[in-house]
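Chemist: just the structure for this:
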Amino acid sequence: MTDLSHPLLRPFPVPGTLPDKRQVAASFSRAAASYDSVAELQRAVGGELLRRLPEGFSPQRWLDLGCGTGYFSRALAATFAGSQGLALDIAEGMLNHARPLGGAEHFIAGDAERLPLQDSSCGLIFSSLAVQWCADFAAVLGEARRVLQPGGVLAFASLCVGTLDELRESWRAADGLVHVNRFRPFSTYQQLCDNSGLQVVSLEQRPHVLHYPDVRSLTHELKALGAHNLNPGRPGGLTGRARIVALVEAYEQFRQAQGLPATYQVVYAVLEKPL
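Modeler: Below is the predicted model of the structure:
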């Protein structure tokens, strides 16, 4: 459980959270045990984000925002030996999985849009493939600016429009319903970062393509990650065999020599709080 008596934490009344946010937390909690076995993209993106941190940067206290299973909490602890680490996630199941593996000194249940941390308490906020699930990204940036110390760094990787377009187009051909998570446009990231009060050191979009032998392998991985369809308006109940066949036939049109492609449009950003 989160220790709210810790001097770095500040108590908040529990707000009325949106159903979608509860569903995100529940979905990732259920996926905690299977997540690392299929997290190739997550490891690659987080590793790239680590490499983008400013050279010579050495925070005394860092926050792994949306820590998941704690893979990058442990990487941050190794990178910044002697620093104090905080790991935060909205999914209690992920925290329960991460806590025994170490890496951070404190594992905190919390929301990126309403951080339960004191002002100017962290030198680094590191967030890899988590903030795409936050509906109010302006609030995430505002909280980062509040919690960062002057000169502190926010480094995040997220997903934008264009992610899983092959799967989206194939479902559109199969039944026209919403089966794939929606993500905000890259231009929105640009605008919100420009208006955040943080200095934009770098901000870019890069595609990352994975390949699968068949559609089932892709959809199985998304479910194991907890990242399957969480959209409002998604179809309920089981998907009929005829629609699955139509999906497979449509996706086959994208097949390449390496297999069926799944493209992720990754946003990499490094922002700094002015002195």
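Chemist: could you use CA atoms for every contact and neighbour count after this?
Modeler: Fine.
Chemist: going along the chain, name the helices of the stretch 151-275 of the chain.
Modeler: Secondary structure of the stretch 151-275 of the chain by DSSP state H, counting those that start in this stretch: the helices cover 165-174, 186-194, 215-225, 241-251.
Chemist: out of these, the one nearest L53 is which?
Modeler: Nearest of the helices of the stretch 151-275 of the chain to L53, taken as Cα to Cα: helix 186-194 at 17.0 Å.
Chemist: how about the closest one as PDB, C-alpha atoms only?
Modeler: What follows is helix 186-194 as a C-alpha-only set of coordinates in PDB (Å, rounded to 0.1, in the frame of the first residue of the first chain):
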ATOM      1  CA  PHE A 186       1.500  14.400 -32.700                       C
ATOM      2  CA  SER A 187       0.500  18.100 -33.400                       C
ATOM      3  CA  THR A 188      -1.400  18.000 -30.100                       C
ATOM      4  CA  TYR A 189       1.700  16.900 -28.200                       C
ATOM      5  CA  GLN A 190       3.600  19.700 -29.900                       C
ATOM      6  CA  GLN A 191       1.000  22.300 -28.900                       C
ATOM      7  CA  LEU A 192       0.600  21.200 -25.300                       C
ATOM      8  CA  CYS A 193       4.300  20.900 -24.700                       C
ATOM      9  CA  ASP A 194       4.900  24.400 -26.200                       C
END
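Chemist: how far off centre is that helix?
Modeler: Counting by Cα atoms, centre = their mean, to the nearest Å, helix 186-194 is centred 17 Å from the centre of its parent chain.
Chemist: repeat that for stretch 45-65.
Modeler: 15 Å.
Chemist: how far does that stretch stretch from one end to the other?
Modeler: In stretch 45-65, first residue to last residue: 15 Å (Cα to Cα, to the nearest Å).
Chemist: buried residues, it. List them.
Modeler: When neighbours are counted by 16 or more other Cα atoms under 10 Å, the buried residues of stretch 45-65 are found to be V45, G46, L49, L50, L53, S58, P59, R61, W62, L63, D64, L65.
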